[in-house]
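Participant: sequence and predicted model, in that order:
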Amino acid sequence: MKKKKIAVLVGSLRKKAYSKSVANCVIGLASDDFDMQIIEIGNLPIYNQDYDDEEIDIYTKFRETIKASDAILIVTAEHNRSIPAVLKNALDVGSRPYGKSVWAGKPGAIISQSYGAIGGFGANHHLRQVTSFLDVRMMNQPECYLGEIMNSLDENGIITSERTIKFLKQFMDAYKKWVN
């Protein structure tokens, strides 16, 4: 059986980002028939329609990577009750040129996290609004908000909380069904 290619977008650039810790955890928990790769989004220039006319390589490579993926998984923090700029930029780059969005029809899911109690609720729901317009088929249940994420990590940024791991495993089991 051919493995499904899953593009994982991490909405944080910080070296020790909690989102990256969560992404690495779910990659480890994923089904054997998934090939999950974190796709770099921090190097994408801020979206500018002029770049579409120039066909700059970094935009082209990113778009081709997403287009070749069978599904997407977004793992993100929340910035000021919304989507981190780097993530919104990646969504914009992939949605252009107009009429050639690489997101359309792909199954997806969102994991949001924060060091606050509400687990990135604002970012999660703003992403649902944007990805709905982009025609991403977002999994609705289970939702995944990881509040006070720092309490689930060890000093090396590894998720060690059995409760969190169990929850993420259940989420990934549901995601496998959604993608398939």
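Facilitator: Received, thanks.
Participant: ranking helices and strands of the protein by mean pLDDT, which lands last?
Facilitator: Least confident helix or strand, the chain: helix 49-54 with a mean of 85, by mean pLDDT, DSSP states H and E.
Participant: quick one: contacts of the next helix or strand after that one?
Facilitator: The C-terminal neighbour of helix 49-54 among helices and strands, as given by DSSP states H and E, is helix 57-68. Counting contacts by C-beta atoms under 8 Å, 6 or more residues apart in numbering, the residues outside helix 57-68 that touch it are 5, 7, 39, 41, 43-45, 51-52, 72, 90, 93-94, 102-103, 106. Glycine gets a C-beta too; all of them are placed from N, C-alpha and C.
Participant: so which residue is dead centre in the chain?
Facilitator: Ile74 (1.3 Å; C-alpha atoms, centre = their mean).
Participant: is it part of a helix or strand, or is it coil?
Facilitator: In the three-state summary, Ile74 is assigned as strand, counting by DSSP: H, G, I helix; E, B strand; the rest coil.
Participant: what's the answer for Asp173, then?
Facilitator: Here Asp173 is recorded as helix under three-state DSSP.
Participant: excluding sequence neighbours, find me the nearest residue to Val179.
Facilitator: Closest residue in space to Val179, ignoring its immediate chain neighbours: Ala71 at 4.5 Å, by C-beta to C-beta, 6 or more residues apart in numbering.
Participant: returning to what we had before: restricted to buried residues, select the contacts of helix 57-68 in ChimeraX.
Facilitator: The buried subset of the contacts of helix 57-68, as determined by 16 or more other C-beta atoms under 10 Å, is captured in ChimeraX by this line:
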select :5,7,39,41,44,51,52,72,90,93,94,102,103,106
